[in-house]
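Student: predicted model, plus sequence, below.
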Amino acid sequence: MPLPLQADLGIEQVSELHATLQAHLDDPVLELSGADVRRVHTAGLQLLHAFIRERAARGLSTTITLPSPTLVDAARQLALAVSLGVDKDSGEPA
C-alpha cells in the first residue's frame with residue numbers, strides 16, 4: 001500500500017514531511033503516492049530528492065505513484081531550472 005504524501009509540501013511543512021519519510025527510511029521497498037499533493041515548494045522537492053537518493057545509496061527502491069499535476073509541474077520546473085543553471089525561485093544564475 002502506498003504511503004500518501006501530504007497535500008502541502010511547502011517549506012512550512014518540511015519538518016513534518018521529514019519525520020514521515022524518516023520513519024520509512026529503511027523499508028525494503030517504498031511506494032509514495034503523490035495524488036493528494038496540491039502545493040509544493042523547492043524545499044519539499046529537495047527533501048524528497050535527498051530521501052530518495054539516501055535510500056538508493058542503501059540499495060533500497062523508492063517510487064512515486066500517481067503524482068498530482070501540481071507535483072509533476074513543480075518537478076519539471078525544478079529540473080528545468082537546474083538544467084539552465086538558474087535558481088528556480090529567483091530566476092538568477094545559480
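Tutor: Done, it's in. Every value quoted in this text rests on a predicted model; they were computed, and no experiment measured them.
Student: what's the residue lying closest to residue 55 once chain neighbours are set aside sitting at in phi/psi?
Tutor: Spatially, and ignoring its direct neighbours in sequence, residue 55 is nearest to residue 62 (4.9 Å; Cβ to Cβ, 6 or more residues apart in numbering). Using the backbone N, CA and C atoms, a C-beta is placed for each residue, glycine as well. When read as degrees, to the nearest 10, the backbone of residue 62 gives phi -140, psi 130.
Student: ok, residue 62 - how many residues close by?
Tutor: 19 (other Cβ atoms under 10 Å).
Student: so it makes contact with residue 34?
Tutor: No: look at residue 62 against residue 34 with Cβ atoms under 8 Å: they stay out of range, at 12.0 Å.
Student: wait, what's in contact with the residue nearest to residue 55?
Tutor: 30-32, 51-52, 55-56 (Cβ atoms under 8 Å, 6 or more residues apart in numbering).
Student: of the residues you listed, select the buried ones using a ChimeraX command.
Tutor: Buried members of the contacts of residue 62, defined by 16 or more other Cβ atoms under 10 Å, are picked up in ChimeraX with:
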select :30,32,51,52,55
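Student: now the two most distant members of the contacts of residue 62.
Tutor: 31 and 56 (14.6 Å; Cβ to Cβ).
Student: low pLDDT regions in this protein?
Tutor: Residues of the chain meeting the criterion pLDDT under 70: 86-94.
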